[in-house]
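Enquirer: Structure, please.
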Amino acid sequence: MDKELNFTIGKFSKKTGVSIRTLHYYDEIGLLKAQKDPNSRHRLYGEDHIVKLQKIVALKFLGYNLEEIGLMLMDTSLNLSLQNTLLQQLKAFEEKKQHLDKVLKANSRTISLLDSQENIPSEILINLINNIQSEQDQRTWLEHFTSKEIADKVYIKSEEENLSLDREFIDLSREVKRLVGKPFHDPEVQELANKHLQVSLKYVGEEAMYAFGKLEDEQIGDFQSMMASPYTEEEEKWLDQVIEYYMVQNGMYNPNSNENNVK
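Expert: Model (predicted):
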(Lines give C-alpha, C1' and ligand atoms only; values in the text may rest on other atoms or scores of the structure.)
Protein backbone atom coordinates (compact mmCIF):
# COMPACT_ATOMS: atom_id res chain seq x y z
CA MET A 1 0.00 0.00 0.00
CA ASP A 2 0.94 3.61 -0.52
CA LYS A 3 3.03 5.00 2.34
CA GLU A 4 1.28 8.35 1.84
CA LEU A 5 -1.72 7.76 4.11
CA ASN A 6 -3.53 11.03 3.64
CA PHE A 7 -7.09 10.07 4.48
CA THR A 8 -8.86 9.29 7.72
CA ILE A 9 -11.79 6.93 7.32
CA GLY A 10 -14.22 9.87 7.33
CA LYS A 11 -12.37 11.72 4.55
CA PHE A 12 -11.88 8.49 2.61
CA SER A 13 -15.61 7.78 2.83
CA LYS A 14 -16.48 11.23 1.48
CA LYS A 15 -13.92 10.98 -1.32
CA THR A 16 -15.04 7.54 -2.51
CA GLY A 17 -18.76 7.67 -1.71
CA VAL A 18 -18.53 4.40 0.25
CA SER A 19 -20.04 4.48 3.74
CA ILE A 20 -17.90 4.27 6.87
CA ARG A 21 -19.85 1.20 7.94
CA THR A 22 -18.99 -0.57 4.67
CA LEU A 23 -15.32 0.42 4.97
CA HIS A 24 -15.26 -1.00 8.51
CA TYR A 25 -16.71 -4.26 7.21
CA TYR A 26 -14.23 -4.48 4.29
CA ASP A 27 -11.42 -3.92 6.78
CA GLU A 28 -12.73 -6.61 9.16
CA ILE A 29 -12.98 -9.27 6.45
CA GLY A 30 -9.61 -8.34 4.95
CA LEU A 31 -10.98 -7.15 1.62
CA LEU A 32 -9.65 -3.60 2.01
CA LYS A 33 -7.31 -3.41 5.00
CA ALA A 34 -6.66 0.05 6.36
CA GLN A 35 -3.38 1.06 7.97
CA LYS A 36 -3.63 1.81 11.68
CA ASP A 37 -2.09 4.98 13.13
CA PRO A 38 0.40 3.66 15.75
CA ASN A 39 -0.62 6.35 18.21
CA SER A 40 -4.36 6.94 17.74
CA ARG A 41 -5.15 3.50 16.20
CA HIS A 42 -7.38 5.31 13.70
CA ARG A 43 -7.80 3.78 10.28
CA LEU A 44 -5.80 5.56 7.55
CA TYR A 45 -6.04 5.26 3.77
CA GLY A 46 -3.91 6.26 0.79
CA GLU A 47 -4.21 6.53 -3.00
CA ASP A 48 -3.56 2.79 -3.44
CA HIS A 49 -6.60 2.09 -1.29
CA ILE A 50 -8.68 4.18 -3.72
CA VAL A 51 -7.47 2.12 -6.70
CA LYS A 52 -8.27 -1.14 -4.91
CA LEU A 53 -11.67 0.11 -3.77
CA GLN A 54 -12.52 1.09 -7.34
CA LYS A 55 -11.81 -2.50 -8.40
CA ILE A 56 -14.02 -3.81 -5.60
CA VAL A 57 -16.90 -1.50 -6.52
CA ALA A 58 -16.60 -2.36 -10.21
CA LEU A 59 -16.53 -6.13 -9.60
CA LYS A 60 -19.44 -5.86 -7.19
CA PHE A 61 -21.41 -3.95 -9.82
CA LEU A 62 -20.77 -6.80 -12.26
CA GLY A 63 -22.42 -9.20 -9.84
CA TYR A 64 -19.57 -10.85 -7.96
CA ASN A 65 -19.92 -11.50 -4.24
CA LEU A 66 -17.30 -10.30 -1.78
CA GLU A 67 -15.67 -13.71 -1.41
CA GLU A 68 -15.23 -13.98 -5.19
CA ILE A 69 -13.88 -10.42 -5.32
CA GLY A 70 -11.31 -11.19 -2.62
CA LEU A 71 -10.01 -14.17 -4.60
CA MET A 72 -9.94 -12.20 -7.85
CA LEU A 73 -7.96 -9.35 -6.30
CA MET A 74 -5.28 -11.82 -5.22
CA ASP A 75 -5.08 -13.22 -8.76
CA THR A 76 -2.13 -11.73 -10.65
CA SER A 77 -3.85 -12.60 -13.96
CA LEU A 78 -7.02 -10.70 -13.07
CA ASN A 79 -7.88 -9.82 -16.67
CA LEU A 80 -7.88 -13.48 -17.76
CA SER A 81 -9.93 -14.70 -14.81
CA LEU A 82 -12.26 -11.72 -15.22
CA GLN A 83 -12.96 -12.61 -18.86
CA ASN A 84 -13.77 -16.23 -18.02
CA THR A 85 -16.00 -15.43 -15.07
CA LEU A 86 -17.72 -12.56 -16.88
CA LEU A 87 -18.87 -14.99 -19.56
CA GLN A 88 -20.44 -17.12 -16.84
CA GLN A 89 -21.94 -14.04 -15.21
CA LEU A 90 -23.36 -12.87 -18.52
CA LYS A 91 -25.14 -16.18 -19.06
CA ALA A 92 -26.53 -16.15 -15.52
CA PHE A 93 -27.78 -12.58 -15.85
CA GLU A 94 -29.40 -13.31 -19.21
CA GLU A 95 -31.31 -16.17 -17.59
CA LYS A 96 -32.33 -13.91 -14.70
CA LYS A 97 -33.44 -11.23 -17.18
CA GLN A 98 -35.59 -13.75 -19.06
CA HIS A 99 -37.19 -14.81 -15.79
CA LEU A 100 -37.74 -11.19 -14.74
CA ASP A 101 -39.31 -10.39 -18.12
CA LYS A 102 -41.76 -13.27 -17.58
CA VAL A 103 -42.59 -12.05 -14.08
CA LEU A 104 -43.16 -8.48 -15.28
CA LYS A 105 -45.34 -9.71 -18.14
CA ALA A 106 -47.41 -11.91 -15.83
CA ASN A 107 -47.78 -9.09 -13.28
CA SER A 108 -48.83 -6.54 -15.89
CA ARG A 109 -51.43 -8.78 -17.52
CA THR A 110 -52.80 -10.01 -14.19
CA ILE A 111 -53.20 -6.44 -12.89
CA SER A 112 -55.00 -5.42 -16.10
CA LEU A 113 -57.32 -8.44 -15.86
CA LEU A 114 -58.13 -7.78 -12.21
CA ASP A 115 -58.91 -4.15 -13.09
CA SER A 116 -61.37 -5.17 -15.82
CA GLN A 117 -62.85 -8.40 -14.44
CA GLU A 118 -64.63 -8.99 -11.16
CA ASN A 119 -64.31 -12.11 -9.01
CA ILE A 120 -62.05 -14.12 -11.30
CA PRO A 121 -61.90 -17.70 -9.90
CA SER A 122 -58.43 -18.31 -8.49
CA GLU A 123 -57.88 -21.51 -10.50
CA ILE A 124 -58.52 -19.62 -13.75
CA LEU A 125 -56.21 -16.77 -12.77
CA ILE A 126 -53.40 -19.13 -11.71
CA ASN A 127 -53.86 -21.02 -14.99
CA LEU A 128 -53.26 -17.85 -17.00
CA ILE A 129 -50.13 -17.00 -14.97
CA ASN A 130 -48.75 -20.55 -15.40
CA ASN A 131 -49.29 -20.37 -19.15
CA ILE A 132 -47.37 -17.09 -19.36
CA GLN A 133 -44.55 -18.78 -17.42
CA SER A 134 -44.38 -21.72 -19.85
CA GLU A 135 -44.92 -19.64 -22.98
CA GLN A 136 -41.31 -19.88 -24.18
CA ASP A 137 -41.34 -23.69 -23.93
CA GLN A 138 -44.59 -23.76 -25.88
CA ARG A 139 -43.14 -21.50 -28.54
CA THR A 140 -39.95 -23.58 -28.85
CA TRP A 141 -42.04 -26.74 -29.29
CA LEU A 142 -44.26 -25.09 -31.93
CA GLU A 143 -41.24 -23.85 -33.89
CA HIS A 144 -39.76 -27.36 -33.89
CA PHE A 145 -42.90 -29.14 -35.08
CA THR A 146 -44.28 -26.44 -37.40
CA SER A 147 -42.22 -23.35 -38.28
CA LYS A 148 -40.87 -20.14 -36.77
CA GLU A 149 -43.33 -18.12 -38.86
CA ILE A 150 -46.31 -19.97 -37.39
CA ALA A 151 -44.92 -19.74 -33.85
CA ASP A 152 -44.39 -15.99 -34.29
CA LYS A 153 -48.01 -15.50 -35.39
CA VAL A 154 -49.27 -17.41 -32.35
CA TYR A 155 -47.07 -15.75 -29.72
CA ILE A 156 -46.24 -12.30 -31.06
CA LYS A 157 -49.37 -10.35 -30.24
CA SER A 158 -49.97 -6.88 -28.89
CA GLU A 159 -50.72 -6.47 -25.20
CA GLU A 160 -54.24 -5.39 -26.16
CA GLU A 161 -54.76 -8.60 -28.17
CA ASN A 162 -53.44 -10.77 -25.34
CA LEU A 163 -55.70 -9.09 -22.78
CA SER A 164 -58.72 -9.47 -25.06
CA LEU A 165 -58.03 -13.19 -25.51
CA ASP A 166 -57.42 -13.63 -21.77
CA ARG A 167 -60.80 -12.06 -21.02
CA GLU A 168 -62.52 -14.33 -23.53
CA PHE A 169 -60.88 -17.43 -22.05
CA ILE A 170 -61.89 -16.32 -18.54
CA ASP A 171 -65.50 -15.97 -19.68
CA LEU A 172 -65.37 -19.38 -21.42
CA SER A 173 -63.85 -21.03 -18.34
CA ARG A 174 -66.63 -19.62 -16.19
CA GLU A 175 -69.21 -20.96 -18.63
CA VAL A 176 -67.62 -24.43 -18.63
CA LYS A 177 -67.77 -24.56 -14.84
CA ARG A 178 -71.38 -23.35 -14.86
CA LEU A 179 -72.62 -25.75 -17.54
CA VAL A 180 -70.54 -28.87 -16.82
CA GLY A 181 -72.67 -32.01 -16.67
CA LYS A 182 -75.46 -30.68 -18.89
CA PRO A 183 -76.45 -32.75 -21.98
CA PHE A 184 -74.28 -32.21 -25.04
CA HIS A 185 -77.28 -31.23 -27.20
CA ASP A 186 -78.37 -28.45 -24.82
CA PRO A 187 -78.44 -25.17 -26.83
CA GLU A 188 -76.31 -23.34 -24.22
CA VAL A 189 -73.76 -26.13 -24.27
CA GLN A 190 -73.57 -26.12 -28.05
CA GLU A 191 -73.14 -22.34 -28.05
CA LEU A 192 -70.28 -22.81 -25.58
CA ALA A 193 -68.62 -25.30 -27.94
CA ASN A 194 -68.96 -22.84 -30.84
CA LYS A 195 -67.42 -19.99 -28.82
CA HIS A 196 -64.62 -22.24 -27.58
CA LEU A 197 -63.64 -23.22 -31.12
CA GLN A 198 -63.85 -19.63 -32.36
CA VAL A 199 -61.65 -18.28 -29.55
CA SER A 200 -59.16 -21.14 -30.00
CA LEU A 201 -58.96 -20.37 -33.72
CA LYS A 202 -58.49 -16.67 -32.96
CA TYR A 203 -55.68 -17.47 -30.52
CA VAL A 204 -53.84 -20.07 -32.62
CA GLY A 205 -54.67 -18.89 -36.13
CA GLU A 206 -55.67 -20.86 -39.22
CA GLU A 207 -52.10 -21.75 -40.25
CA ALA A 208 -51.26 -23.25 -36.87
CA MET A 209 -54.61 -25.05 -36.74
CA TYR A 210 -53.91 -26.56 -40.15
CA ALA A 211 -50.39 -27.56 -39.03
CA PHE A 212 -51.82 -29.18 -35.88
CA GLY A 213 -54.11 -31.25 -38.10
CA LYS A 214 -51.04 -32.93 -39.61
CA LEU A 215 -49.50 -33.89 -36.27
CA GLU A 216 -49.86 -37.17 -34.43
CA ASP A 217 -52.18 -37.28 -31.42
CA GLU A 218 -49.18 -38.01 -29.18
CA GLN A 219 -47.37 -34.89 -30.41
CA ILE A 220 -50.42 -32.71 -29.83
CA GLY A 221 -50.73 -34.25 -26.38
CA ASP A 222 -47.14 -33.24 -25.61
CA PHE A 223 -47.96 -29.64 -26.56
CA GLN A 224 -51.16 -29.59 -24.52
CA SER A 225 -49.30 -30.94 -21.49
CA MET A 226 -47.23 -27.73 -21.45
CA MET A 227 -50.38 -25.65 -21.08
CA ALA A 228 -51.96 -25.37 -17.66
CA SER A 229 -55.69 -26.08 -17.50
CA PRO A 230 -58.18 -24.38 -15.17
CA TYR A 231 -60.44 -27.43 -15.33
CA THR A 232 -60.82 -30.52 -13.21
CA GLU A 233 -60.42 -33.91 -14.90
CA GLU A 234 -64.22 -34.23 -15.00
CA GLU A 235 -64.64 -30.78 -16.58
CA GLU A 236 -61.89 -31.48 -19.12
CA LYS A 237 -63.47 -34.77 -20.17
CA TRP A 238 -66.93 -33.22 -20.47
CA LEU A 239 -65.62 -30.28 -22.55
CA ASP A 240 -63.75 -32.61 -24.94
CA GLN A 241 -66.95 -34.61 -25.47
CA VAL A 242 -69.02 -31.45 -25.96
CA ILE A 243 -66.64 -30.13 -28.64
CA GLU A 244 -66.47 -33.50 -30.40
CA TYR A 245 -70.30 -33.70 -30.41
CA TYR A 246 -70.52 -30.15 -31.80
CA MET A 247 -68.01 -30.90 -34.57
CA VAL A 248 -69.78 -34.11 -35.57
CA GLN A 249 -73.15 -32.36 -35.65
CA ASN A 250 -71.76 -29.57 -37.84
CA GLY A 251 -69.90 -31.84 -40.27
CA MET A 252 -66.48 -30.75 -39.04
CA TYR A 253 -65.43 -34.14 -37.76
CA ASN A 254 -66.15 -37.74 -38.69
CA PRO A 255 -65.02 -40.21 -36.02
CA ASN A 256 -64.87 -42.95 -38.66
CA SER A 257 -62.58 -41.00 -40.98
CA ASN A 258 -58.80 -40.67 -40.87
CA GLU A 259 -58.90 -37.20 -42.45
CA ASN A 260 -60.42 -34.84 -39.92
CA ASN A 261 -59.80 -31.14 -40.19
CA VAL A 262 -61.51 -28.08 -38.75
CA LYS A 263 -63.15 -26.28 -41.65
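
Enquirer: by contact count, what packs against the one helix or strand residue 174 maps to?
Expert: According to DSSP states H and E, residue 174 maps onto helix 159-179. Applying 3 or more CB pairs under 8 Å, 6 or more residues apart in numbering; DSSP states H and E, we find helix 159-179 packed against helix 78-116, helix 122-133, helix 187-204, helix 233-249. For glycine as for every other residue, the C-beta is placed from the backbone atoms N, C-alpha and C.

Enquirer: mean confidence score for it?
Expert: The average pLDDT for helix 159-179 rounds to 91.

Enquirer: Same question for stretch 39-55.
Expert: Across stretch 39-55, the per-residue pLDDT values average to 90.

Enquirer: Same question for stretch 235-254.
Expert: On average, stretch 235-254 scores 92.

Enquirer: Quick check: phi and psi at residue 36.
Expert: The phi/psi pair for residue 36 (degrees, to the nearest 10) reads phi -100, psi 130.

Enquirer: For it, which residues are in contact?
Expert: Contacts of residue 36 were listed using CB atoms under 8 Å, 6 or more residues apart in numbering, and they are 42, 43, 44.

Enquirer: Nearest to residue 116, out of these: which one, please.
Expert: Comparing those against residue 116 with CB to CB picks out residue 43 as the nearest, at 59.0 Å.

Enquirer: so who does that closest one touch?
Expert: With CB under 8 Å, 6+ apart as the criterion, the residues that contact residue 43 are 8, 9, 23, 27, 34, 35, 36, 37.

Enquirer: What subset of those is buried?
Expert: Those of these that meet the buried threshold are 8, 9, 23, 27, 34, by 16 or more other CB atoms under 10 Å.

Enquirer: Next, format those as TSV and append pLDDT, secondary structure and distance to residue 111.
Expert: Below are these laid out as TSV (pLDDT from 0 to 100; DSSP: H, G, I helix; E, B strand; the rest coil; distance: CB to CB, whole Å):
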residue	pLDDT	secondary structure	distance to residue 111
8	94	strand	50
9	95	helix	46
23	96	helix	42
27	95	helix	46
34	94	coil	49
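
Enquirer: Now the two most distant members of the residues you listed.
Expert: So, the buried ones among the contacts of residue 43 by CB to CB: farthest apart are 8 and 27, at 13.1 Å.

Enquirer: ok, now how distant is the nearest residue to residue 253 once chain neighbours are set aside from residue 62?
Expert: Once flanking residues are discounted, residue 253 sits nearest to residue 247: 3.7 Å by CB to CB, 6 or more residues apart in numbering. For residue 247, the distance to residue 62 (CB to CB, to the nearest Å) stands at 57 Å.

Enquirer: what do you get for residue 208?
Expert: Shown here: residue 208 relative to residue 62, a distance of 42 Å by CB to CB.

Enquirer: okay, those two: which has more neighbours?
Expert: Shown here are residue 208 and residue 62; by other CB atoms under 10 Å, residue 208 has more neighbours (19 against 14).

Enquirer: shouldn't that one be in contact with residue 153?
Expert: Yes - assessed by CB atoms under 8 Å, residue 208 is found in contact with residue 153 at 6.9 Å.

Enquirer: Run the chain-centre distance for the helix or strand of the chain with the lowest mean pLDDT.
Expert: Using mean pLDDT, DSSP states H and E, the weakest-scoring helix or strand in the chain turns out to be helix 78-116, at a mean of 79. Centre-to-centre, helix 78-116 and its host chain are 8 Å apart (CA atoms, centre = their mean, to the nearest Å).

Enquirer: which ones are touching the residue nearest to the spatial centre of the chain?
Expert: Closest to where the C-alpha atoms of the chain average out (CA atoms, centre = their mean) is residue 102, at 2.6 Å. Counting by CB under 8 Å, 6+ apart, residue 102 makes contact with 132, 133, 135, 136.

Enquirer: Also residue 7?
Expert: With CB under 8 Å, 6+ apart, residue 7 has these contacts: 15, 44, 45, 46, 49.
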